[in-house]
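Colleague: Return atomic coordinates for the entry below.
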Amino acid sequence: MTERVCYLFSCPRFGTCERHRGGACSTRAADYSSTLGPADEILPGECTPEQGFPFYLPDSWTRRKLFRERMGLEN
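Modeller: The predicted structure follows:
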């Protein structure tokens, strides 16, 4: 089973999540890979603020920024 990916541009954490995919005019897995399908996509309502964003995985830039903020270092 492949790791799930996200094409939900309306998510407030979309740009900082390792799972986000898509850009410009291509917003579906079919536009990027023949190995991904609807079963591999995070669907609307599965990863929400009310649920605590269960699929959220901070990207490396976001992890580094959060670490520097916690340590009191300049960004």
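Colleague: Check for me that Arg70 belongs to a helix.
Modeller: Yes. Counting by DSSP: H, G, I helix; E, B strand; the rest coil, Arg70 falls inside a helix.
Colleague: Need the per-residue pLDDT for it.
Modeller: Taken from the predicted model, the pLDDT recorded for Arg70 is 87.
Colleague: and if you look at Ala29?
Modeller: Predicted confidence (pLDDT) for Ala29: 51.
Colleague: Check Gln51 too.
Modeller: Per-residue confidence for Gln51 comes out at a pLDDT of 94.
Colleague: Same question for Gly45.
Modeller: Model confidence at Gly45 (pLDDT) stands at 92.
Colleague: Run through the helices of this protein in chain order.
Modeller: 60-71 (DSSP state H).
Colleague: pLDDT below threshold where in this protein?
Modeller: 1-2, 23-38, 74-75 (pLDDT under 70).
Colleague: One more pass at 50, please.
Modeller: In the prediction, the chain carries residues with pLDDT under 50 at positions 1, 34.
Colleague: residues in contact with Trp61?
Modeller: By CB atoms under 8 Å, 6 or more residues apart in numbering, Trp61 lies in contact with Thr16. Where you see a C-beta, it was placed from the backbone N, CA and C, and this is true even at glycine.
Colleague: how close does it sit to Gly52?
Modeller: Taken as CB to CB, to the nearest Å, the spacing of Trp61 relative to Gly52 amounts to 22 Å.
Colleague: And for Phe67?
Modeller: Per CB to CB, Phe67 is found 21 Å from Gly52.
Colleague: Please apply the same query to Ile42.
Modeller: The span separating Ile42 from Gly52 equals 14 Å under the rule CB to CB.
Colleague: Looking at the two, which is more packed in?
Modeller: Using other CB atoms under 10 Å as the criterion, Ile42 and Gly52 rank with Ile42 on top: 20 against 8.
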